[in-house]
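S.K.: sequence and computational prediction follow.
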Amino acid sequence: MSRSLIIAAAQMGPIARSEPRASAVSRMIAMMERAAKQGAKLVVFPELALTTFFPRWYMEDQAEIDTFFETEMPSVETRPLFEAAVRLGVGFYLGYAEKTKDGEGRTRRFNTSILVGPDGTVLSTYRKIHLPGHSEHEPWRAFQHLEKRYFEGGDLGFPVAEAFGGRVGMCICNDRRWPETFRMLGLQQAELVLLGYNTPVHYPPAPEHDHLQDFHNHLVLQAGAYQNGTWVVGVAKAGREEGCDLIGGTCIIAPTGEIAAKCTTLGDEIAIADCDLDRCREIQDNIFNFKVHRQPEKYGLLCK
C-alpha cells in the first residue's frame, strides 16, 4: 500500500513593499482553497512569504527593519491562514522573518520556515543556515542582498519531523545550493524536503551567470532529490518585485530527480503532484543505500 501524499507547490507573484500582510495571507488562502479542491493535503509557500524581499535594501533604522519581522506565529495577520488550514484539513510550509528572544532575553532574528499540520499545530521549525549576500552597504549593486546584515545563521540544525505519513525536512533558498543541506537531511532518512526561495535573475557579482539562474535552480534541486532519494518541493516568490526580477521555476521533484510538476508563470500559481513517499525506497535502498555504499571514513576533509 503506497503512502500517497498530494502536495501543492504554491508559487507567489510579487509582493509590493506597501502590500499589507493581510493581502499576502488572502492570496495564500485562495491558493490553499484551490489546492484543497484538487485533493492536496500539504501546501508549500515561498521564503519570506508575508512581505516583499526586504534584504534588497540597505537600512540602518532597526525599527524600520523590524517592521518586516514576525514576533509571534500565528499573529493577528497570519491567524486566518492557520484557520483556513484547519477548515480545509490541509497542512502547510511557510517562510517568514522571525524576531524572538532566547533563554537569556537576547533578541534574535532569523530567516525561518515552519511546518504546520492540518490541525494548525506547528510541527517543526527551521532557521536558514546558509545566508547569502553581504552585511555592509554596497551601493555599486543594482540592488543589495543583505541577509547577513538582517539575520543570524540558523541555530536549529537540519531537523526532520515525522509528519504527513513520512519523514519531512526543510531548508530555505540558498541552502538548496549546498549539497551538505540535502545530505544532512538524507542521513536522517528524509523522504520529503520542502523549501521556499526568492532568487533574483540578476546576480551582481557575476552577471555573466544571469542566464543560468533557472538552470542552476533546477540543477541543485534535482541533484539533491536524486542523491538522497527524496521528494523535493521548491517554491518561488516570482516576477518583478519592486524593480527586481525574480525567477519562477517552482517545481515538485521525484526521488529519481525527475520534475513531476512545475509552474509555468511568474505569478500566483499552484503546481500539484501525487507524491508516493514509498518511491524513496527505489533510491535509498539501492544506488544511494548509505549503509552499504557510503565511505565516511574517507571523507575526513569535509569536516576539517
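M.R.: Perfect, thanks for sending it.

S.K.: what about S2, neighbour count?
M.R.: Counted with other C-beta atoms under 10 Å, residues neighbouring S2 total 10. For glycine as for every other residue, the C-beta is placed from the backbone atoms N, C-alpha and C.

S.K.: and it, what pLDDT?
M.R.: Here, the pLDDT recorded for S2 equals 72.

S.K.: so who does the closest residue in space to it that isn't next to it in sequence touch?
M.R.: Excluding its sequence neighbours, the residue lying closest to S2 (C-beta to C-beta, 6 or more residues apart in numbering) is D276, at 4.6 Å. The contact partners of D276, by C-beta atoms under 8 Å, 6 or more residues apart in numbering, come to S2, R3, S4, L5.

S.K.: let me see the contact set for P46.
M.R.: A10, Q11, M12, G95, G196, Y197, N198, V235, A236, K237.

S.K.: what's the closest non-adjacent residue to it?
M.R.: G196 (3.8 Å).

S.K.: CA-only coordinates of the helix or strand the one you found falls within in CSV, if you can.
M.R.: G196 belongs to strand 192-197 when assigned by DSSP states H and E. This file holds the C-alpha atoms of strand 192-197, laid out as CSV (Å, rounded to 0.1, in the frame of the first residue of the first chain):
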residue,chain,number,x,y,z
LEU,A,192,10.3,14.9,1.6
VAL,A,193,12.3,18.2,1.6
LEU,A,194,10.3,21.5,1.5
LEU,A,195,11.9,24.8,0.6
GLY,A,196,10.9,28.3,-0.5
TYR,A,197,13.1,30.8,-2.3
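
S.K.: low-confidence stretches in this protein?
M.R.: For the chain, the stretches with pLDDT under 70 are 1.

S.K.: rerun at 90
M.R.: Residue ranges of the chain with pLDDT under 90: 1-3, 103, 303-304.

S.K.: would you quantify the distance from F110 to A49?
M.R.: 15 Å (C-beta to C-beta, to the nearest Å).

S.K.: of the contacts of P46, closest to D119?
M.R.: A10 (19.5 Å; C-beta to C-beta).

S.K.: without its sequence neighbours, what residue ends up closest to that closest one?
M.R.: M31 (4.4 Å).

S.K.: let me know the helix or strand that that neighbour is in.
M.R.: Here M31, judged by DSSP H and E, is contained in helix 21-37.

S.K.: that helix packs against which elements?
M.R.: Helix 21-37 is packed against strand 4-11, strand 42-44, helix 79-88, strand 269-276, with contacts defined by 3 or more C-beta pairs under 8 Å, 6 or more residues apart in numbering; DSSP states H and E.

S.K.: between those, which one is nearest to N286?
M.R.: strand 269-276 (16.1 Å).

S.K.: tell me the strands beside that closest one, with direction?
M.R.: strand 4-11 (antiparallel) (DSSP bridges).

S.K.: show me which positions of the strand it pairs with end up buried.
M.R.: For strand 4-11, the neighbour count (16 or more other C-beta atoms under 10 Å) marks L5, I6, I7, A8, A9, A10, Q11 as buried.

S.K.: from what I see, M59 and I65 are in contact.
M.R.: Yes. Counting by C-beta atoms under 8 Å, M59 does reach I65; the two are 5.2 Å apart.

S.K.: so which of the contacts of P46 comes closest to H130?
M.R.: Taking the contacts of P46 together and measuring to H130 by C-beta to C-beta, the closest member is Y197, at 11.7 Å.
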